[in-house]
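Participant: Task: produce atomic coordinates for the following.
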Amino acid sequence: MSALARVLGTESALVHRVLAAGLPRQLDALADQASGAEGRAHLVEAVGTLPAFSSVEAALAEPGGAQNLEQAGELLAPHSWARGPRK
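Facilitator: Here you go, the predicted model:
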């Protein structure tokens, strides 16, 4: 998380607290979305188009890695299929 904190310009402890609070909610929302056929299809498509990275640390160490993580977050955002791609 120190690499993420560095990219964000904040402390690792803050990143840890935010992720600890937010990730379980994100996973619950994705599970709810996957319970329907349309949501499940969206998630399968989104996972298939995610930028490849082995870990957050590895992604942040690569050029454009923060943008790849942002794209992954957008693709997996609950109900992002209803909004369409962000331009």
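
Participant: Pass me the low-pLDDT residue ranges in the protein, would you?
Facilitator: 1, 78-87 (pLDDT under 70).

Participant: and with 50 instead?
Facilitator: 81-87 (pLDDT under 50).

Participant: That one: helices as residue ranges?
Facilitator: For the chain, the helices defined by DSSP state H cover 2-8, 12-34, 37-49, 56-61, 65-75, 80-83.

Participant: which helices and strands does the fourth one pack with?
Facilitator: This means helix 56-61. The contact analysis (3 or more CB pairs under 8 Å, 6 or more residues apart in numbering; DSSP states H and E) places helix 56-61 against helix 2-8, helix 65-75. The C-beta positions use only the backbone N, C-alpha and C, and glycine is treated the same way.

Participant: Check which residues of that helix are buried.
Facilitator: Across helix 56-61, burial judged by 16 or more other CB atoms under 10 Å covers 56, 59-60.

Participant: could those residues be laid out in TSV, adding distance to Arg6?
Facilitator: As requested, the buried residues of helix 56-61 are arranged in TSV below (distance: CB to CB, whole Å):
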residue	distance to Arg6
Val56	12
Ala59	13
Leu60	8
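
Participant: So which of the residues you listed is the closest to Gly9?
Facilitator: Leu60 (12.8 Å; CB to CB).

Participant: Pull the contacting residues for the closest one.
Facilitator: Going by CB atoms under 8 Å, 6 or more residues apart in numbering, Leu60 touches 3-4, 6-7, 66, 69.

Participant: got it, and Thr49?
Facilitator: Neighbour list for Thr49: Leu75 [criterion: CB under 8 Å, 6+ apart].
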